[in-house]
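Student: Okay, sequence plus prediction incoming.
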Amino acid sequence: MARETLPVALELVFGDEGGYSNVKTDRGGPTKYGITHRTLAAHRGVKTVTADQVKGMSREEAVDIYQRSFWPQCGGDLLPPGLDYAVFDFAVNSGPARAVKSLQRVVGVREDSHIGEQTLAAVRKYSGGISTLIRDYCDDRMGFLRSLTNAKTGFPANGGGWTIRVTGKDPKGLWADQPGVIGNALRLAADASGQTVEKPQTPPEAGAKADSRDTGLGEVLKKPEAWGPIGSILTAGGAIMAGSGPVQWALAAIMVASAGVGLWYFVRRVREAG
């Protein structure tokens with residue numbers, strides 16, 4: 001049986017996600033109630049669905065999808081009240097795997113995108129308790145959002161809405177302050193009934209999917225795993241500079257090309273991993 005905070009979490013998510021949308025600045029494509037066309041197709045067991053089918057999806061079907069998939073995948077029945085909502089909202093916006101990995105990174109356990117006993121134990125022992133964890137988790141989420149530097153579908157296009165959604169604060173001061181995910185999560189942590197939460201009033205871009213495929217190259221290259229391919233490229237480049245003939249230059253050029261391909265695949269893998 002779902003935790004009592006699920007109905008409250010759903011109402012809050014629906015408030016941020018709004019109804020149907022299909023705009024170029026949102027990687028999700030045709031989306032309604034936060035459910036993308038891909039998610040709807042998977043739920044219905046078909047290869048694809050049309051934009052009109054997404055538009056026609058009922059709220060009841062969206063609730064069913066969230067109850068069957070998103071809520072269980074992000075540990076909704078296992079995590080403490082408040083934190084469960086914060087992870088759920090992140091999952092709706094960026095996928096359950098990303099949301100769970102972020103939590104695992106914050107609490108310092110292996111990032112396997114699965115809420116197990118190790119993760120739950122780390123949550124229980126977190127220094128400062130659940131309130132501190134909620135704040136730190138939302139800070140980590142904002143760090144992820146800012147790393148999405150794609151000008152068309154990342155933070156430059158949707159950052160204002162995402163910031164309002166998570167923090168409740170408008171960087172431009174055009175929207176009145178509100179609790180945001182962090183504020184409502186803290187309220188749920190104090191009272192799981194949801195009597196003190198406030199339904200969000202956010203701009204349309206708050207519901208745009210925050211996709212790891214929009215992660216900036218600089219952020220990807222900060223990962224230690226990127227150092228190997230980068231080192232190979234630098235070594236090969238040095239070999240070209242030091243080469244004394246066509247054969248040496250050709251071999252060094254092959255080394256650069258091979259390392260470059262390896263780096264390209266690494267960047268692609270990181271972005272698609274979620």
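Tutor: Perfect, I can see it now.
Student: which residues are contacting stretch 187-198?
Tutor: By Cβ atoms under 8 Å, 6 or more residues apart in numbering, the residues outside stretch 187-198 that reach it are 3-5, 7-9, 11-12, 80-85, 130-131, 134, 178-179, 183-184. In short, each C-beta sits where N, CA and C put it, glycine included.
Student: same thing but at 6 Å, please
Tutor: Surrounding stretch 187-198, the residues in contact under the criterion Cβ atoms under 6 Å, 6 or more residues apart in numbering are 4-5, 8, 81-82, 85, 130-131, 179, 184.
Student: wouldn't Pro30 be in contact with Ala51 here?
Tutor: Yes - taking Cβ atoms under 6 Å as the contact criterion, Pro30 and Ala51 are neighbours in contact, 4.1 Å apart.
Student: okay, the two: which has more neighbours?
Tutor: Regarding Pro30 and Ala51, a neighbour count based on other Cβ atoms under 10 Å identifies Pro30 as having more, with 22 against 14.
Student: who are the neighbours in contact with the more buried one?
Tutor: Per Cβ under 6 Å, 6+ apart, neighbours of Pro30: 22, 37, 51, 54.
Student: Identify, from these, the entry nearest to Val166.
Tutor: For Val166, the closest of the contacts of Pro30 turns out to be Asn22, at 23.3 Å, with distances computed as Cβ to Cβ.
Student: In contact with the closest one, which residues?
Tutor: For Asn22, the contact set (Cβ under 6 Å, 6+ apart) comprises 30, 51.
Student: With Ala51 as the reference, measure out to the residue minimising distance to the centre of the chain.
Tutor: The C-alpha lying nearest the average C-alpha coordinate of the chain belongs to Ser94 (Cα atoms, centre = their mean; 3.1 Å). Here the criterion is Cβ to Cβ, to the nearest Å. By it, Ser94 lies 22 Å from Ala51.
Student: Val106 too?
Tutor: Val106 is 37 Å from Ala51, where distance means Cβ to Cβ.
Student: ok, now Thr132?
Tutor: Distance from Thr132 to Ala51, counting by Cβ to Cβ: 43 Å.
Student: I figured His37 hits Thr50, correct?
Tutor: No - look at His37 against Thr50 with Cβ under 6 Å: they stay out of range, at 7.9 Å.
Student: residues shared between the contacts of the two?
Tutor: Shared between the contact lists of His37 and Thr50 (criterion: Cβ under 6 Å, 6+ apart) there are no residues.
Student: Give me the more crowded residue out of the two.
Tutor: Neighbour comparison, His37 and Thr50: the larger count goes to His37, with 20 against 11 (by other Cβ under 10 Å).
Student: Pretty sure Thr202 sits against Gly15.
Tutor: No - judged on Cβ under 6 Å, Thr202 makes no contact with Gly15 at a distance of 7.5 Å.
Student: neighbour count winner among those two?
Tutor: In this comparison of Thr202 against Gly15, neighbours counted by other Cβ under 10 Å, the higher total goes to Thr202 at 23 against 18.
Student: can you confirm the more buried one is in a helix?
Tutor: No - per DSSP: H, G, I helix; E, B strand; the rest coil, Thr202 lies outside any helix segment and is coil.
Student: Backbone dihedrals for it, please?
Tutor: Note on Thr202: backbone dihedrals following degrees, to the nearest 10 are phi -120, psi 160.
Student: Thr215 too?
Tutor: Per-residue torsions, Thr215: phi -60, psi 130 (degrees, to the nearest 10).
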